[in-house]
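Enquirer: just need the structure, nothing else, for what follows:
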Amino acid sequence: MRVLVMDDDVRLVELLQQGLRAAGFAVDSASDSLDGIAMAASDNYDVIIVDVMMPGLNGYKVCAHLRSVGDNTPILMLTAKDGEYDEAEGLETGADDYLTKPFSFVVLNARLRALIRRTRPERQVVQHFGDLEIDTGARRCRRGGQDIALTPREFDVLALLAATPDVAISKAAILEQVWDSAYEGGANIVEVNVSALRRKIDRPFRRASIETVPGGAYRLRSDGA
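Expert: Residues are numbered from 1 along each chain as shown. Now for the predicted structure:
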């Protein structure tokens, strides 16, 4: 899941990036409202976080502009504890939710996931591959009725493979879609996460759900075998 953060507070953006990435989000950021608008127009995000007091165009105007050009990405507005936030104005300009600073990352994570779920009601939430069950809504994985604990990144890799079963996805594509653009490491991080997935969802159950495809790719078997 991809998040765009528009905020000129460098320290807050760093904290948001750390917290959201730990929760499994891929994060891009913009410290200027015009840059943020350009990024929103050139890429697909699952949710956008906008600070009300952005320099240049404020958060309300950013929100209004995005809606005026047909961008329906969910928007969560951030406002300072002692600042003024006109909820009516925020809703009128197209904001979907708002959060007052300082805030808990637990609450932020829950709000963001709720906003994303609202825009994806038609998506299948629970997928079955043999006895392997993947609940993308609750971000849970089970096999043979047994819960399997996965890290956020492991789940994102598995969910990506599950989106197109029996179709090979290259390491480069997995890296691009699961990790954010700021990641500077190599594709071996994909191998590390796939190996971890196999240790958790396959080996204990004597299965080989995730196959390695020649050329540096992986696929999830639709039969879960």
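Enquirer: and stretch 61-68, what's buried?
Expert: Using 16 or more other C-beta atoms under 10 Å as the test for burial, stretch 61-68 gives 62-67. The C-beta positions use only the backbone N, C-alpha and C, and glycine is treated the same way.
Enquirer: mind putting the residues you listed into JSON lines with distance to L15, secondary structure and pLDDT?
Expert: Formatted as JSON lines, the buried residues of stretch 61-68 follow (distance: C-beta to C-beta, whole Å; DSSP: H, G, I helix; E, B strand; the rest coil; pLDDT from 0 to 100):
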{"residue": "V62", "distance to L15": "21", "secondary structure": "helix", "pLDDT": "92"}
{"residue": "C63", "distance to L15": "23", "secondary structure": "helix", "pLDDT": "90"}
{"residue": "A64", "distance to L15": "27", "secondary structure": "helix", "pLDDT": "90"}
{"residue": "H65", "distance to L15": "26", "secondary structure": "helix", "pLDDT": "91"}
{"residue": "L66", "distance to L15": "24", "secondary structure": "helix", "pLDDT": "90"}
{"residue": "R67", "distance to L15": "28", "secondary structure": "helix", "pLDDT": "88"}
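Enquirer: any idea which of these is closest to Y45?
Expert: Minimum distance to Y45 across the buried residues of stretch 61-68 is 10.5 Å, recorded for L66 (C-beta to C-beta).
Enquirer: show me where pLDDT drops low in this structure?
Expert: The model of the chain has pLDDT under 70 over residues 81-91, 120-125, 180-185.
Enquirer: domain map for it?
Expert: 2-118, 126-220 (automatic domain parsing).
Enquirer: what about P214, how many neighbours?
Expert: Applying other C-beta atoms under 10 Å, we find 6 other residues in the vicinity of P214.
Enquirer: distance of it from D131?
Expert: 27 Å (C-beta to C-beta, to the nearest Å).
Enquirer: go on, V13?
Expert: For V13, the distance to D131 - C-beta to C-beta - is 43 Å.
Enquirer: before we move on, what about A225?
Expert: 10 Å.
Enquirer: show me what contacts the closest residue to L161 other than its chain neighbours?
Expert: Spatially, and ignoring its direct neighbours in sequence, L161 is nearest to L220 (3.9 Å; C-beta to C-beta, 6 or more residues apart in numbering). Counting by C-beta atoms under 8 Å, 6 or more residues apart in numbering, L220 touches 129, 158, 161-162, 165-166, 209-211.
Enquirer: equivalent analysis for A187, please.
Expert: A187 sits next to 171-172, 175, 216 when contact means C-beta under 8 Å, 6+ apart.
Enquirer: re earlier: report the two of the contacts of L220 separated the most.
Expert: Applying C-beta to C-beta across the contacts of L220, the maximum distance is between L158 and D166, 14.7 Å.
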